[in-house]
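*Asks:* Got a predicted structure plus its sequence, pasted below:
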Amino acid sequence: MNSSRDDVLDLFGYVWQRFRTRMEGLGDEEWRWQPSRDDRVTLRTGAGRAGAGPAGGVRTGTGSAGAAPTGELCAESAVAALAEVEAAYGLWRNQLAAISDESFEEPIGPAAGHYGDATRRSFALHIVDELIHHAAEAALLRDLYAGRD
């Protein structure tokens, strides 16, 4: 029988693979495209937030400090951007996998500020939810790009 941590790792991996499959074939023109002049939502921000959720230290739920995610990728090309998101996912997944099953059920602690009483499990589920949400934004933008005039 899987532990709660294993179940979350499996779900996170499934959502990640779905996102990566959806981003296959992303080119630079599409990466830079905006639905309109006034839109701030681009694949840069959608995919960036998909990766930024897992990237930041306290956001890993391990209680370790780290750089805060910005929600926008710095990369100037689609390939580089997907590499940034991949690195963020790898960092978060490795840190999550390193947490013991017992610690997964414990509060995060002071490093998480006012979320310190939340368990690592609840925080990990929040991060998976963020990945789902922002991956869906990126997928929608790909659909809008494909259907543009």
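*Replies:* Alright, I've got the coordinates.
*Asks:* now the helices: where do they sit in this structure?
*Replies:* Using DSSP state H, the helices of the chain run over 4-22, 28-32, 43-55, 78-98, 101-104, 120-146.
*Asks:* doesn't Gly109 make contact with Ala118?
*Replies:* No. Using C-beta atoms under 8 Å, Ala118 makes no contact with Gly109, being 9.8 Å away. For every residue, glycine as well, the C-beta is placed using N, CA and C.
*Asks:* where are the low-confidence patches of this structure?
*Replies:* Applying pLDDT under 70 to the chain flags the ranges 39-41, 45-73.
*Asks:* at 50 what do you get?
*Replies:* 54-70 (pLDDT under 50).
*Asks:* Now Arg18: closest residue in space, sequence neighbours ignored.
*Replies:* Of all residues not flanking Arg18 in the chain, Ala135 sits nearest, at 7.1 Å (C-beta to C-beta, 6 or more residues apart in numbering).
*Asks:* Hmm, Val15 and that neighbour touching each other?
*Replies:* Yes. With contact defined as C-beta under 8 Å, Ala135 reaches Val15; the gap is 6.8 Å.
*Asks:* quick one, which of those two is more surrounded?
*Replies:* Ala135 (24 against 17; other C-beta atoms under 10 Å).
*Asks:* ok, now how distant is that one from Ser103?
*Replies:* For Ala135, the distance to Ser103 equals 27 Å [C-beta to C-beta, to the nearest Å].
*Asks:* Could you measure from the closest residue to Leu82 other than its chain neighbours over to His134?
*Replies:* In this structure, Leu82 finds its nearest non-sequential neighbour in Met23, 6.0 Å apart by C-beta to C-beta, 6+ apart. Computed as C-beta to C-beta, the Met23 to His134 distance reads 12 Å.
*Asks:* Any chance of JSON lines for the helices of the chain, columns distance to Gly113?
*Replies:* Shown next, in JSON lines, are those (distance: least, C-beta to C-beta, whole Å):
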{"stretch": "helix 4-22", "distance to Gly113": "22"}
{"stretch": "helix 28-32", "distance to Gly113": "34"}
{"stretch": "helix 43-55", "distance to Gly113": "17"}
{"stretch": "helix 78-98", "distance to Gly113": "18"}
{"stretch": "helix 101-104", "distance to Gly113": "19"}
{"stretch": "helix 120-146", "distance to Gly113": "12"}
